[in-house]
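Novice: Provided below are the primary sequence and the corresponding predicted coordinates.
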Amino acid sequence: QVQLVESGGGLVQPGGSLRLSCAASGRFVSINDMAWYRQNPGKQRELVALITSGYSTNYADSVKGRFTISRVNAKNTVYLQMNSLKLEDAADYYCKAIAVVVGTTGVRYEAQYWGQGTQVTVSS
């Protein structure tokens, strides 16, 4: 019912910047929280940043002051501006959205959806 498409990953040198985007589409009533997670092979997926529909934000300690999450509700899109990238920021980055959808019985409910991931490589 909800598709999330990420873009913006790539290769960057330490100290560089990247901007990730994630656009939601499909059949939904509204998009509530949107977030970015990251994961490396063999490790758990970790929350990087979250933004509510009311624009409240929360960040992992490791990215505070360097990353900025934002969203444009009219476009159902969330962004992650990543500055001063470090080697340890390299990972697959995933977008997550909590959406209100309508079930087959007409009842509304919340569900979470994930994007396919975009790779961020930080290397000199």
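Specialist: Done, it's in.
Novice: what's the helix or strand where residue 112 lies in contact with?
Specialist: According to DSSP states H and E, residue 112 maps onto strand 108-114. Applying CB atoms under 8 Å, 6 or more residues apart in numbering, the contact partners of strand 108-114 are 1-4, 24, 29, 32, 94-103. Using the backbone N, CA and C atoms, a C-beta is placed for each residue, glycine as well.
Novice: Tell me which helix or strand comes right after that strand.
Specialist: strand 118-122.
Novice: which parts of that following strand are buried?
Specialist: Within strand 118-122, the residues that count as buried by 16 or more other CB atoms under 10 Å are 118, 120, 122.
Novice: cool, stretch 39-57 as well?
Specialist: 48-51.
Novice: wait, doesn't residue 93 sit right on residue 48?
Specialist: Yes: taking contacts as CB atoms under 8 Å, residue 93 lies within contact range of residue 48: 7.2 Å.
Novice: May I ask you to name the longest strand in this structure?
Specialist: Counting residues, the longest strand found in the chain (DSSP state E) is strand 91-102.
Novice: Look up how far residue 1 lies from residue 12.
Specialist: Using CB to CB, to the nearest Å, residue 12 is found at 34 Å from residue 1.
Novice: helix/strand/coil for the most far-flung residue of the chain relative to its centre?
Specialist: Taking CA atoms, centre = their mean, the residue of the chain most remote from its mean C-alpha position is residue 105, at 30.2 Å. Secondary structure state of residue 105, per DSSP: H, G, I helix; E, B strand; the rest coil, is coil.
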